[in-house]
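In: Got a predicted structure here, sequence first:
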Amino acid sequence: MNPPGRPKGEYRSAQHEGTPATPRERRFTAASWALGLAACAADVQAGPLSLEAARTVEQLSAARANWRSTEFLASWRDPAGWAASGTLRRTERFALIDSQVEAGAAIGLAPQWRGEAELSISESHRVLPVWRWRGRVWRDGIAGWNFALGAGRTLYRGAITQGSAVAELQAERYVPDWRFAWASSATRLDGASISTAHVARADWYVHERLTFGATLGRGREVENTPNTGLVSSSVRSAALKAQWALTPAWWLGAELSSHRQGDLYERNGLRLGLRFQH
């Protein structure tokens with residue numbers, strides 16, 4: 001379940017198990033580490049450029065192998081409101097290794113209006129979708145709230161090629177030292193019924209160098225697992241997050257998460273990230 005305002009790639013397509021990494025995937029891993037090392041090149045004052053390296057490990061129930069993910073993210077935010085981001089991601093889920101490239105952009109459309117778009121592509125797509133796009137339009141300042149309407153499409157390719165469409169509604173509000181956000185989504189797998197999910201989030205900005213956050217989610221989601229295929233099941237999730245500024249330019253982040261996917265499995269994870277701003 002994606003937290004409001006913080007979309008992440010989906011990992012919902014699977015084929016056979018135990019596929020080894022190809023030379024192309026090894027080149028992807030080398031490029032990922034090169035980008036991560038570039039994030040550690042200097043220590044200066046924080047600015048519009050952000051570079052982050054993160055590692056996630058999730059323990060699964062039902063004697064399933066742990067999930068692992070390595071991400072390298074870069075983003076640029078212009079004072080005028082323009083923004084662009086890119087992510088290199090390598091995952092290991094159900095003993096299958098995948099790589100993914102993701103890009104996003106945000107632009108001011110008019111006073112109090114802004115647009116966002118994201119596209120991710122996985123050439124291997126053993127677990128990750130072949131591609132996924134999301135777009136949303138925000139309207140700020142309605143009785144102190146910001147609202148967004150969004151839509152998207154995801155393509156899975158396993159034993160068969162199948163897609164899903166999603167519609168989103170999001171809302172957020174900032175009050176002194178706090179941000180509250182909520183998101184609802186309706187996802188329809190091609191030829192199947194609609195699944196809905198809801199996520200609530202609260203962030204507490206303790207001071208300039210420390211932030212805490214909490215997320216709760218519930219609903220139904222479509223999941224693709226080996227030997228099972230695409231299924232819609234009830235979902236419950238929770239996460240606690242903290243970010244701490246080591247210096248004005250370096251931030252350390254940690255997130256504890258728990259996710260129950262119906263009767264399929266439960267997973268509990270830890271994500272650690274180091275972010276550099278210049």
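Out: Arrived safely.
In: and the helix or strand Glu92 falls within, how far from the chain's centre?
Out: Taking DSSP states H and E as the criterion, Glu92 maps to strand 83-93. Centroid separation for strand 83-93 versus its chain: 9 Å, with CA atoms, centre = their mean, to the nearest Å.
In: Strand partners (parallel or antiparallel) of it?
Out: strand 67-77 (antiparallel), strand 96-110 (antiparallel) (DSSP bridges).
In: Give the next helix or strand downstream of whichever strand or helix holds Val166.
Out: Assigned by DSSP H and E, Val166 falls within strand 161-175. Following strand 161-175 in sequence order, the next helix or strand is strand 178-189 (DSSP H and E).
In: Can you list the strands that whichever helix or strand comes after that next one pairs with?
Out: Scanning forward in sequence from strand 178-189 by DSSP H and E, the next helix or strand is strand 194-207. Here strand 194-207 is paired, per DSSP bridges, with strand 178-189 (antiparallel), strand 210-225 (antiparallel).
In: Of these, which is nearest Arg93?
Out: Checking the strands paired with strand 194-207 against Arg93 by CB to CB gives strand 210-225 as the closest, at 9.1 Å. From N, CA and C alone the C-beta is placed, and that goes for glycine too.
In: Contacts only, for Gln59.
Out: By CB atoms under 8 Å, 6 or more residues apart in numbering, the contact list for Gln59 reads 66, 267-269.
In: May I ask you to confirm that Leu96 is in contact with His125?
Out: No: using CB atoms under 8 Å as the test, Leu96 is too far from His125 to be in contact (10.0 Å).
In: Tell me, how many residues neighbour Ala192?
Out: 14 (other CB atoms under 10 Å).
In: since we're on Ala148, how many residues are nearby?
Out: Count around Ala148 with other CB under 10 Å applied: 20.
In: quick one: it is in a helix?
Out: No: counting by DSSP: H, G, I helix; E, B strand; the rest coil, Ala148 is located in no helix; its state is strand.
In: partner residues bridging it?
Out: For Ala148, the beta-bridge partners are Trp138, Gln170 (DSSP bridges).
In: Could you do the one 5 residues further on as well?
Out: According to DSSP bridges, the residues that bridge with Arg153 are Trp133, Ala165.
In: do the same with Leu60
Out: Where Leu60 sits in a bridge, its partners, by DSSP bridges, are Arg267.
In: From what I see, it and Arg267 are in contact.
Out: Yes: Leu60 is within contact range of Arg267, at 4.7 Å (criterion: CB under 8 Å).
In: got any residues that touch both of those two?
Out: What both Leu60 and Arg267 touch, as defined by CB under 8 Å, 6+ apart, is the set Trp67.
In: And for Leu270, the neighbour number?
Out: Residues lying near Leu270 (other CB under 10 Å) number 13.
In: what's near enough to touch it?
Out: By CB under 8 Å, 6+ apart, the contact list for Leu270 reads 56-58, 254-257.
In: again with Thr187
Out: Thr187 makes contact with 164-166, 194-197, 221-222 under the criterion CB under 8 Å, 6+ apart.
In: Identify the bridge partners of it.
Out: In this entry, Thr187 is beta-bridged to Val166, Ser195, by DSSP bridges.
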